[in-house]
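J.: curious how this folds, go ahead:
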Amino acid sequence: MFRRRHRAQGCTGSHEVVWARRFAYSDPNPDGTLSLLSPLLIGLALGFAFGWAIARARSAREQAERHAHISAEAATARAQLESTGVQATALEDALAESRRDASTLRERLAVTTAALHAEQRAVAERRELLVDTDARLREAFASLSAEALRTNNQSLLELAKASLSEYQKQAASDLQHRQQTIGNLVKPLHESLARVDAKLQAVEKERAGTHSQLSEQLRTLAVTTTNLARALRTPNGRGGWGEVQLRRVVEMAGMVNHCHFVEKKTATSDEGRFVPDLIIKLPGGRNIIVDAMPYIAYRAVVEAADDATRTANLKDHARQVREHIIQLSSKR
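T.: Residues are numbered from 1 along each chain as shown. Just a heads-up that it's a prediction; the model follows:
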């Protein structure tokens, strides 16, 4: 009884799968010659070499597809981060524009306030002038009344009072009109400043929300990456993920569980109890037994920092694969 060995890499991403196929043949004639065994041995060697070459080419192609998938996911994450950055930049530009508008409105308010103060000072000066004029007129009329005590003193005094009252009314009306005009100019400025302040608060709140969402997404991504790396470092995590990937591979090939293949089927013999990862059923009662081996050495190859360490880990990985193949090809 001989066993043919065939190896396939990259199907699970975390395990290397070794395929072992048993072939039965009749026991050679006890007294047969070497010329009858040589063609059989040569055919077995050629079949092994051909299967090994096919498995290696398939492993390289599947590994390239996996790297392409990972690169596409990384590009998608970078595009999302760039889109979030563009939105944050737009919000910052809008905030800067609103601040410039607020600065312009404040300058206009300052100019208008200065004009109002100047007008108020002018009104105060006019009032002082009116008071001074009233005093002068009173003195003048008093002098006139003293000089013309016997002539139309009362009429002149009444006329002076009437003139002064009319002048005061006109000055008060003018002051009220000016105050109303200045109030009408200042009121839109106050309303515009109130709207600008409300807009600035809304923009600041939206920017804070966007920044919070971005920080939360980054924290979630970091936690997910850490959990994935931690899960792949444990044997149970690597084993479970490898079993799922192996099942997906055979299902993509059109096989149905419990019909074309069986997982974790226990076999008992005189030498002990064996649990292969996968058994593929073939017509005629034949089976292809798929067993997986850990990829710790291969992970060390990928994570190596220099060429010397990478080469040493790669040799260790090749040694483990060779020992696993030898173990599977034994008669047990």
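
J.: tell me the gap between stretch 310-326 and the middle of its chain.
T.: 39 Å (Cα atoms, centre = their mean, to the nearest Å).

J.: pLDDT (mean, whole number) over that stretch?
T.: For stretch 310-326, the mean pLDDT works out to 87.

J.: buried stuff in it?
T.: Taking 16 or more other Cβ atoms under 10 Å as the neighbour-count basis, stretch 310-326 is seen to contain the buried residues Asn313, His317, Gln320, Val321, His324, Ile325. Where C-beta positions appear, they are placed from N, C-alpha and C, glycine not excepted.

J.: now render these as TSV, adding secondary structure.
T.: Written out in TSV, the entries for these read as follows (DSSP: H, G, I helix; E, B strand; the rest coil):
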residue	secondary structure
Asn313	helix
His317	helix
Gln320	helix
Val321	helix
His324	helix
Ile325	helix
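
J.: how about a markdown table for these, with distance to Leu109 added?
T.: Shown next, in a markdown table, are these (distance: Cβ to Cβ, whole Å):
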| residue | distance to Leu109 |
| --- | --- |
| Asn313 | 73 |
| His317 | 76 |
| Gln320 | 80 |
| Val321 | 81 |
| His324 | 83 |
| Ile325 | 86 |
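
J.: pull the number of nearby residues for the closest residue to Phe274 other than its chain neighbours.
T.: When the adjacent residues along the chain are set aside, Phe274 lies closest to Ala267, with 4.8 Å between them (Cβ to Cβ, 6 or more residues apart in numbering). Applying other Cβ atoms under 10 Å, we find 11 other residues in the vicinity of Ala267.

J.: for Ala267, give me the pLDDT.
T.: Taking Ala267 on its own, its pLDDT is 71.

J.: which residues touch it?
T.: Applying Cβ atoms under 8 Å, 6 or more residues apart in numbering to Ala267 gives the contacts Arg273, Phe274, Val275, Pro276.

J.: and the gap between it and Asp291?
T.: From Ala267 across to Asp291, the span is 12 Å (Cβ to Cβ, to the nearest Å).

J.: this protein: helices as residue ranges?
T.: Using DSSP state H, the helices found in the chain span residues 34-147, 153-233, 235-252, 296-302, 307-329.

J.: and the ones you listed: which comes nearest His258?
T.: Closest to His258 of the helices of the chain, according to Cβ to Cβ: helix 235-252, at 11.9 Å.

J.: that closest one versus helix 153-233: what angle between them?
T.: Using axes from the mean of the first three to the mean of the last three Cα atoms, to 10 degrees, the direction of helix 235-252 lies 80 degrees away from that of helix 153-233.

J.: what is helix 235-252 packed up against?
T.: Counting contacts by 3 or more Cβ pairs under 8 Å, 6 or more residues apart in numbering; DSSP states H and E, the secondary-structure elements packed against helix 235-252 are helix 153-233, strand 261-263, strand 278-281, strand 287-293.

J.: and these, which is most packed in?
T.: When neighbours are counted by mean count of other Cβ atoms under 10 Å, the highest per-stretch mean among the helices and strands packed on helix 235-252 falls to strand 287-293, a mean of 20.

J.: please state the offset of that one from the chain centre?
T.: 41 Å.

J.: which strands or helices does that strand pack on?
T.: Other helices and strands packing on strand 287-293, by 3+ Cβ pairs under 8 Å, 6+ apart, are strand 16-23, helix 235-252, strand 278-281, helix 307-329.

J.: as TSV, the ones you listed with distance to Ala297 would be great.
T.: As requested, these are exported to TSV (distance: least, Cβ to Cβ, whole Å):
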stretch	distance to Ala297
strand 16-23	10
helix 235-252	13
strand 278-281	22
helix 307-329	4
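
J.: quick one: the spatially most central residue of the chain from Ala198, how far?
T.: When the chain is reduced to its mean C-alpha position, the nearest residue by Cα atoms, centre = their mean turns out to be Leu81, at 4.6 Å. Computed with Cβ to Cβ, the distance linking Leu81 and Ala198 is 31 Å.

J.: any chance of the helices of the chain in a markdown table, plus distance to Ile280?
T.: As requested, the helices of the chain are exported to a markdown table (distance: least, Cβ to Cβ, whole Å):
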| stretch | distance to Ile280 |
| --- | --- |
| helix 34-147 | 15 |
| helix 153-233 | 26 |
| helix 235-252 | 7 |
| helix 296-302 | 24 |
| helix 307-329 | 15 |
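
J.: of those, which is nearest Arg286?
T.: Within the helices of the chain, the stretch nearest Arg286 is helix 34-147; the backing value is 15.6 Å (Cβ to Cβ).

J.: orientation of that closest one relative to helix 235-252 in degrees?
T.: Compare the direction of helix 34-147 with that of helix 235-252 by the same axes, to 10 degrees and you get 110 degrees.

J.: follow-up on the earlier one: out of the contacts of Ala267, which end up buried?
T.: Among the contacts of Ala267, those buried by neighbour count (16+ other Cβ under 10 Å) are Pro276.

J.: list just the nearest of the contacts of Ala267 to Arg61.
T.: Nearest to Arg61 among these is Pro276, at 25.5 Å by Cβ to Cβ.
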